[in-house]
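Visitor: mind looking at a prediction? Sequence and model below.
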Amino acid sequence: MNDLAIAVRHLDATRGTFHLRDVSFELPTGFVMGFVGRNGAGKTTTIRCLLGMLTPDAGEIEVLGQPLPADPALREDIGVVLDHSTLVEDWRLTEVERALAPFYSRWDGARYRALLEEFELDPRHKVKELSRGQAMKLGITLALSHHARLLVLDEPTSGLDPAARDELVSILGDFLTDDGHSVLFSTHITSDLERIADYVTVIDAGRVVDSAPKDELLDAYRLVRGGPEDLVDPDVDFLGLRRNETGAEALVAAGQVDRLSGDLVVDRPTLDEIVVKMGDHR
C-alpha cells in the first residue's frame, strides 16, 4: 500500500482570474485531512486539479500512488461528494443506480440499496425532492457503492443543520474503520473537523499558509489578547492583529509568547481562529 493517499507538490493553476501558487501538501493513507480556508481561498480549484477537471500550469499531483494524469480506472477508487448535486433532477434513486453502475466495475448494487435504507432514503424519490442533508447522504452512498478508497468532499456540509453535519462525521468515522481508506474534507466550517481531522491544510488567497497534523497546528499558535497599547513588539509577528480603543488581539507563534510583555490573556486557538487570523494577515 502506498503511504500517501494524496501528494500535491508546488502546484500552480489558473481558473479565470484566480491563481493557485506553489500549493503543496500530503495526506497519508488511512487519515482525514481538513482542507480549510475562507470562501474563495482556492479549495475548489485545488480539488478540480486533483480530480483531473483542471490542468495545472505547473507542479505535480499523485493520487493513490498514481501521478496525474492517470489511467481512467483511477476513478474507481475515488468518491466525490460536492455541495451540490450533479445528477439529473428528475431521476428517481433507482434510476440513479441504473445510470451510474455501468461506469464502475466494482459497483455493488446490494450495498447501494442497503445504504439507501440505512440513510432512510426512499428509492422512489426523485433527486429534486431530496433535502440538502439527503442529497449529501446520496452522494456518500454513491461513493461507497463502488468501494472508493479515497473520499473527496468539497464543502459537503454547506447549508446543513448541526444534526446533519454531526451525522456526516459519524458516517466518515465508519468509512475510516478500514485502514486503507482516506478522506480529504474541504470546508470553511472548521467545527466539522474538530473531532475527525488528523491533518489540516490551511489555504488563503491561493497559497498554503500551513499544513500539519491537527494537534501540532493548534499547538503551534496562541491567541493573545491585551490592552489597546499592547502587542507592539517589533520582533514578534502578529497574525491578524486587531486593535481598537478597548484592546488588541492577535495570533502569534507559541514560541514567541514569552517575548511579550503586559497583562495579557493567552489561549490555545481554535481552528476557526487560526483560519480567520491567517486570512486577515495576508
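Guide: Noted; the coordinates are in hand. Residues are numbered from 1 along each chain as shown.
Visitor: helix, strand or coil for Ala148?
Guide: Judged by DSSP: H, G, I helix; E, B strand; the rest coil, the three-state class of Ala148 is coil.
Visitor: so how far is Ala110 from it?
Guide: In this structure, Ala148 and Ala110 are 16 Å apart, going by CB to CB, to the nearest Å. In this view, the C-beta of every residue, glycine as well, is placed from N, C-alpha and C.
Visitor: more neighbours, these two?
Guide: Per other CB atoms under 10 Å, whichever of Ala148 and Ala110 has more neighbours is Ala148, with 22 against 8.
Visitor: ok, the more buried one - contacts?
Guide: Contacts for Ala148 (CB atoms under 8 Å, 6 or more residues apart in numbering) come out as 76-79.
Visitor: can you give me the strands in the stretch 101-250 of the chain?
Guide: Taking DSSP state E, counting those that start in this stretch as the criterion, the stretch 101-250 of the chain carries its strands at 150-154, 182-187, 199-204, 207-213, 221-226, 239-244, 247-253.
Visitor: Arg21 is nearest to which of the ones you listed?
Guide: Ranking the strands of the stretch 101-250 of the chain by proximity to Arg21 (CB to CB) places strand 207-213 first, at 5.2 Å.
Visitor: buried residues in that closest one?
Guide: Neighbour counts over strand 207-213 (16 or more other CB atoms under 10 Å) mark 207-211 as buried.
Visitor: what's the answer for stretch 16-31, then?
Guide: 20-21, 23, 25-31.
Visitor: next: stretch 64-83.
Guide: Neighbour-count burial for stretch 64-83 flags 64, 68, 74-83 (criterion: 16+ other CB under 10 Å).
Visitor: and if you look at stretch 148-155?
Guide: 148-155.
Visitor: under the pLDDT cut-off, which ranges of this protein? List them.
Guide: For the chain, the stretches flagged by pLDDT under 70 are 1-2, 281-282.
Visitor: residue nearest the centroid of it?
Guide: By CA atoms, centre = their mean, the chain has its centre lying nearest to Ser186, at 1.9 Å.
Visitor: correct me, but it touches Thr45?
Guide: No. If you go by CB atoms under 8 Å, Ser186 and Thr45 don't touch, sitting 10.6 Å apart.
Visitor: domains in this structure, by residue range?
Guide: Split into domains by automatic domain parsing, the chain comes to 4-214, 220-280.
Visitor: out of those domains, which is the most enclosed?
Guide: domain 4-214 (a mean of 18; mean count of other CB atoms under 10 Å).
Visitor: how far does it stretch from start to finish?
Guide: 17 Å (CA to CA, to the nearest Å).
Visitor: for the strands of the stretch 101-250 of the chain, give me CSV that also has distance to Lys277.
Guide: Shown next, in CSV, are these (distance: least, CB to CB, whole Å):
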stretch, distance to Lys277
strand 150-154, 24
strand 182-187, 18
strand 199-204, 10
strand 207-213, 10
strand 221-226, 8
strand 239-244, 3
strand 247-253, 4
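Visitor: among the contacts of Ala148, which are located in strands?
Guide: Among these, the members falling in strands (DSSP state E) are 78-79.
Visitor: want to throw the contacts of Ala148 into JSON lines with distance to Glu167?
Guide: Formatted as JSON lines, the contacts of Ala148 follow (distance: CB to CB, whole Å):
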{"residue": "Glu76", "distance to Glu167": "26"}
{"residue": "Asp77", "distance to Glu167": "25"}
{"residue": "Ile78", "distance to Glu167": "22"}
{"residue": "Gly79", "distance to Glu167": "17"}
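Visitor: show me the contact partners of stretch 123-142.
Guide: Contact partners of stretch 123-142, identified using CB under 8 Å, 6+ apart, comprise 79-82, 85, 87-94, 96, 100, 112-113, 115-116, 119, 121, 151, 156-157, 159-161, 164, 167-168, 171.
Visitor: in helices, which of these fall?
Guide: Judged by DSSP state H, the contacts of stretch 123-142 include 93-94, 96, 100, 112-113, 115-116, 164, 167-168, 171 as members of helices.
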